[in-house]
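>>> below: sequence and its predicted model.
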Amino acid sequence: MSGFKFCPQCATELALVTLIEDGGPTERLRCTACDFTHWNNPTPVLAAIVQCMDREGQVLLARNAAWPGRNFALITGFMEAGETPEQGIAREVKEETSLDAGAITLIGVYDFQRMNQVIIAYHVEATGEIALSPELAEYKLFTPDKVLCWPSSTGLALAKWVTSLGHEPQWRELAKL
């Protein structure tokens, strides 16, 4: 269910209990000593289809340094408190690629249940010199008609964007991470 095993308030071991909520019975981790409930709600994650406007509109995909294999994906990151999703994705693009975000357009919202996340995907027009953060190992640039999509949340966002440009998405297998 989640990584929580002990109550963050009193350190008592959490128990799986059935609570009656608006939608009916739901299992939650709960502290039997202080009644703390771990809701285990999905975490919002921001994702960017980065289109390099000063590189003939090519799309930047990057490989996370922690990933095995050679899978390239969208730029992603967590929102910070006090910022809008648009501010957050502009910050993430800058932090991870050194590129400056221009126009930012919402593509859609996708579930990523394997990681208990909700992906908020944007198209970001970016300019500048590419310099990757240490969390990214390498990048590749693709023309929008040649980029390979994958059958998961951020790959579905990429396919929707490619389709909006009038191209038929090309697909690759989703490697296990």
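In hand now; what should we look at?
>>> list the contacts of the residue lying farthest from the centre of the chain.
Distance from the C-alpha centroid of the chain peaks at Ala33, with 35.6 Å (CA atoms, centre = their mean). If a contact means CB atoms under 8 Å, 6 or more residues apart in numbering, then Ala33 has Cys7, Cys10, Thr12 as its contacts. Glycine gets a C-beta too; all of them are placed from N, C-alpha and C.
>>> list the contacts of the last one.
Pointing back at Thr12 there. Phe6, Cys31, Thr32, Ala33, Cys34.
>>> got the domain ranges for this structure?
By the assignment in automatic domain parsing, the chain contains the domains 1-40, 43-171.
>>> looking at those, which is buried most?
The highest average neighbour count among those, using mean count of other CB atoms under 10 Å, belongs to domain 43-171 at a mean of 17.
>>> end-to-end on that domain?
End-to-end distance of domain 43-171 (CA to CA, to the nearest Å): 27 Å.
>>> so how far is it off the chain centroid?
A distance of 8 Å separates the centroid of the chain from that of domain 43-171, by CA atoms, centre = their mean, to the nearest Å.
>>> flag the shaky bits of the chain, pLDDT-wise.
1-2, 174-177 (pLDDT under 70).
>>> ranges for the strands of it?
Assigned by DSSP state E, the strands in the chain fall at 14-21, 24-31, 37-38, 43-52, 58-64, 75-78, 100-112, 117-127, 136-142, 148-149, 170-171.
>>> would you turn those into TSV with distance to Glu92?
Converted to TSV, the strands of the chain look like this (distance: least, CB to CB, whole Å):
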stretch	distance to Glu92
strand 14-21	32
strand 24-31	30
strand 37-38	27
strand 43-52	6
strand 58-64	11
strand 75-78	4
strand 100-112	9
strand 117-127	9
strand 136-142	11
strand 148-149	21
strand 170-171	25
